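**Student:** Next one to model:
(one chain, ligands or ions: 2)
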Amino acid sequence: MNIIRINHKHIPPVFNKTVACIGYFDGFHKGHQQLVKQAIEIAQKKNIDVSIITFDPDPWHIFKPEMKLYHLMSLSDKIQVSKSLGAQNFYILTFTKDFAALSADQFHDVLHQMNIDTLVCGFDFQYGCKNAGNVETLKKQNLFDVVVVDSINEDNKKISSSRIEPMILEGNVYDANHMTGYIYSIHGKIVHGFKRGSTLLNIPTANLLVDEEYVIPNTGVYAGCVSVDDTLYYAMINIGKNPTFENEIQTIEAHILNFDQDLYEKEVRFYFYKKIRDEKKFKNIDELKDQLVSDIKTTQNIMTSSNEVVKNTAKTWDKKLFM
Ligand SMILES: Cc1cc2nc3c(=O)[nH]c(=O)nc-3n(C[C@H](O)[C@H](O)[C@H](O)COP(=O)(O)O)c2cc1C
Ligand SMILES: Nc1ncnc2c1ncn2[C@@H]1O[C@H](COP(=O)(O)OP(=O)(O)OP(=O)(O)O)[C@@H](O)[C@H]1O
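**Tutor:** Ligands and ions are numbered 1, 2, ... in the order given. Presented below is the predicted three-dimensional model:
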């Protein structure tokens, strides 16, 4: 895939004629996926490329620089998912105050210089200074064709990134996953924990130092997966302060089922499919251990009966399944 960062003031003359989807695309939910599907259909008929156009940094970063922002996906996640959805190009328009101040016509001109043949956007797409541009202004211009996708809904309400975020924060990853079709995941590096898992409990866990931009699910125990290198494994994941041991800081740790490899310093991804229980304080280590053994069975059962979403997750992140 071609990845090109673009400063709107100096657009290089390097772009293939393309059908492009435009938006911020945080989480690549089913609404976003519909745009890409539509773009692929048009591109196949015209025998031209499919491109994703997004903005970076997050426009909020320019308007409210003091605000700490959390996302469902990093920019490199979006690149990876765009590739598996079938795009040939990924264009990153650098979002600056100047870019935000473009009029609708100037914005059209930027897209024209990027050799856009057809723009695919959602019914509520807005752009340009003070959101002056919308589907109506796009349809009036004649530099490129425009295809508008109707609202993709769940429970009669538009699926959107801002609807998915609070669900994840509440721990309701199961319903959030329904709006994307694959399992929500966060990326990071495996670091050292207190080593109680491998010694006291005989159930080793990998502790994740998460990349800081992600929306983190609420505390609790989740059935899900972990991917290591190019393989996806079933896993049970705990987010919390291990109240039995009275830790002071929250950790994110996973026990990967049927897995026995050193993971320290590895870059991995944790996938949260469904919350199975709250984290609890146990009277003693044996009770915690019994609970963990039961959690392994619960996780195995939940994950084996969720074949479709697991397969789609593996496809989305280009992983093979080891189960
Ligand atoms: C799936 C799972 C569920 C867990 N549930 C609890 C829990 O309910 N209460 C608790 O105190 N610790 C819980 N733990 C955390 C264990 O106490 C933890 O794995 C252990 O302290 C090892 O930590 P370490 O990696 O720092 O050595 C859970 C861990 C996992 C992987
Ligand atoms: N549910 C949906 N149905 C159809 N089109 C959608 C849907 N959600 C987003 N789009 C379109 O996808 C593109 C990217 O959307 P974008 O990520 O900017 O917004 P969003 O998902 O609605 O997120 P937010 O909640 O942050 O507004 C836009 O063109 C938008 O109109």
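
**Student:** can you give me the helices for the stretch 151-300 of the chain?
**Tutor:** Along the stretch 151-300 of the chain, counting by DSSP state H, counting those that start in this stretch, helices occupy 161-169, 173-180, 196-199, 285-304.

**Student:** Please identify the deepest-packed of those helices.
**Tutor:** helix 173-180 (a mean of 21; mean count of other CB atoms under 10 Å). (Each C-beta comes from the backbone N, C-alpha and C, glycine too.)

**Student:** which one of the helices of the stretch 151-300 of the chain lies closest to ligand 1?
**Tutor:** Among the helices of the stretch 151-300 of the chain, the nearest to ligand 1 by CB to the nearest ligand atom is helix 196-199 (3.5 Å).

**Student:** Going by mean pLDDT, which of the helices of the stretch 151-300 of the chain comes out lowest?
**Tutor:** Here the helices of the stretch 151-300 of the chain differ in mean pLDDT, and the lowest is helix 196-199 at a mean of 76.

**Student:** Extract the C-alpha trace of that helix and format it as PDB.
**Tutor:** Provided in PDB are the C-alpha atoms of helix 196-199 (Å, rounded to 0.1, in the frame of the first residue of the first chain):
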ATOM      1  CA  ARG A 196       3.200 -13.900  41.100                       C
ATOM      2  CA  GLY A 197       1.400 -15.400  38.100                       C
ATOM      3  CA  SER A 198       4.200 -17.800  37.200                       C
ATOM      4  CA  THR A 199       5.300 -18.600  40.800                       C
END
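
**Student:** okay if I get the helices of the stretch 151-300 of the chain as a markdown table plus distance to ligand 2?
**Tutor:** Shown next, in a markdown table, are the helices of the stretch 151-300 of the chain (distance: least, CB to the nearest ligand atom, whole Å):
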| stretch | distance to ligand 2 |
| --- | --- |
| helix 161-169 | 3 |
| helix 173-180 | 9 |
| helix 196-199 | 37 |
| helix 285-304 | 27 |
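
**Student:** okay, those in CSV with distance to residue 14 next?
**Tutor:** Shown next, in CSV, are the helices of the stretch 151-300 of the chain (distance: least, CB to CB, whole Å):
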stretch, distance to residue 14
helix 161-169, 30
helix 173-180, 32
helix 196-199, 51
helix 285-304, 44
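
**Student:** Would you map the strands across the stretch 1-150 of the chain?
**Tutor:** In the stretch 1-150 of the chain, the strands defined using DSSP state E, counting those that start in this stretch lie at 2-6, 18-22, 49-56, 89-94, 116-122, 145-149.

**Student:** Given the fourth one, what are its sheet partners and their directions?
**Tutor:** The reference is to strand 89-94. Strand 89-94 has its sheet partners listed here by DSSP bridges as strand 2-6 (parallel), strand 49-56 (parallel).

**Student:** cool, and the second one?
**Tutor:** Strand 18-22 has its sheet partners listed here by DSSP bridges as strand 49-56 (parallel), strand 116-122 (parallel).
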